[in-house]
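Undergrad: no letters, just coordinates:
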């Protein structure tokens, strides 16, 4: 009877261990399938983080600004990125043409004040507006120089005519500067500018002359005779205009 109990106990013990072994075998097969995707996900996220940090670390080391607190540096760089540049706007050609037209109108008003009313201060105001609208309007600079000469403001008159000459070398521009030099007693400079004016006049047929109310074309030959007379006076150390 005791032998039967021992055999039964031995048999149960063997069955128990076989069950344990079976369960262990099943777990050994199933667990890797459950853990592999999770481990891959963790490693992938780690690689991304390390790659981002390493790229910034290498760039900082290359620039001589190596930082060990790399993660705050990433945030700092992101927050301090420059704002996008505003779009480049092309100039409006219609506005430019309109300014040139208005500048001519103000220049004509200045000539009218100059020639008919001899109101040189008012003429200068109109020339100022013309130049403001068209900074390359060399005729307005020359006309303003003449008006300033008439009120005795020679220094400013020289500045205007020098600007006119720098914008465009024309006979009238050099003639006006020669007149200013002559008034100042600098006859050698006047002779030089008169000679230049005559040379430029000889290369054209006529010159448009305007008094603010109308315009007419004057023969360049007749103008050359006038400037030649001024030249001879300057050579004689005097002004003849």
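TA: Now that the structure is in, tell me what you want to look at. Every value quoted in this text rests on a predicted model; they were computed, and no experiment measured them.

Undergrad: what's the domain layout of the chain?
TA: The chain is divided into the following domains under automatic domain parsing: 2-79, 97-235.

Undergrad: enumerate every residue touching the closest residue to residue 146 other than its chain neighbours.
TA: Among residues not flanking residue 146 along the chain, residue 176 sits closest, at 6.3 Å (CB to CB, 6 or more residues apart in numbering). C-betas here are computed from N, CA, C, even on glycine. Taking CB atoms under 8 Å, 6 or more residues apart in numbering, we find residue 176 in contact with 142, 145, 146, 161, 164.

Undergrad: what do you get if the cut-off is 10 Å, keeping everything else the same?
TA: 141-143, 145-146, 149, 157, 160-161, 164-165, 170, 193, 197 (CB atoms under 10 Å, 6 or more residues apart in numbering).

Undergrad: any buried residues in stretch 149-164, and which?
TA: Of the residues in stretch 149-164, 149, 153, 157, 158, 160, 161, 163, 164 count as buried by neighbour count, 16 or more other CB atoms under 10 Å.

Undergrad: for stretch 120-131, same thing?
TA: 120, 122, 123, 124, 125, 126, 127, 129, 130, 131.

Undergrad: and the strands in this structure?
TA: Counting by DSSP state E, the chain has strands at residues 206-210, 215-219.

Undergrad: which helices and strands does the first one pack with?
TA: Read it as strand 206-210. Where contact means 3 or more CB pairs under 10 Å, 6 or more residues apart in numbering; DSSP states H and E, strand 206-210 is packed against helix 93-112, helix 138-150, helix 171-183, strand 215-219, helix 220-235.

Undergrad: compile the ones you listed into JSON lines and extend it with columns for distance to residue 209 and mean pLDDT.
TA: Formatted as JSON lines, the helices and strands packed on strand 206-210 follow (distance: least, CB to CB, whole Å; pLDDT from 0 to 100):
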{"stretch": "helix 93-112", "distance to residue 209": "10", "mean pLDDT": "91"}
{"stretch": "helix 138-150", "distance to residue 209": "11", "mean pLDDT": "98"}
{"stretch": "helix 171-183", "distance to residue 209": "9", "mean pLDDT": "97"}
{"stretch": "strand 215-219", "distance to residue 209": "5", "mean pLDDT": "93"}
{"stretch": "helix 220-235", "distance to residue 209": "9", "mean pLDDT": "96"}
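
Undergrad: need these in CSV with distance to residue 208, can you?
TA: Output for these, formatted as CSV (distance: least, CB to CB, whole Å):
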stretch, distance to residue 208
helix 93-112, 12
helix 138-150, 10
helix 171-183, 10
strand 215-219, 5
helix 220-235, 11
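
Undergrad: and of those, who's closest to residue 22?
TA: Residue 22 lies closest, by CB to CB, to one member of those: helix 93-112, at 90.6 Å.

Undergrad: ok and that closest one relative to strand 215-219, angle-wise?
TA: 80 degrees (axes from the mean of the first three to the mean of the last three CA atoms, to 10 degrees).

Undergrad: hmm, residue 227 is touching residue 177, no?
TA: No: the pair residue 227 / residue 177 is not scored as a contact, 12.0 Å apart, by CB atoms under 10 Å.

Undergrad: so what sits against both of these two?
TA: 193, 194, 196, 197.

Undergrad: in this structure, where is pLDDT below threshold?
TA: Regions of the chain meeting the criterion pLDDT under 70 cover residues 1-18, 26-91.
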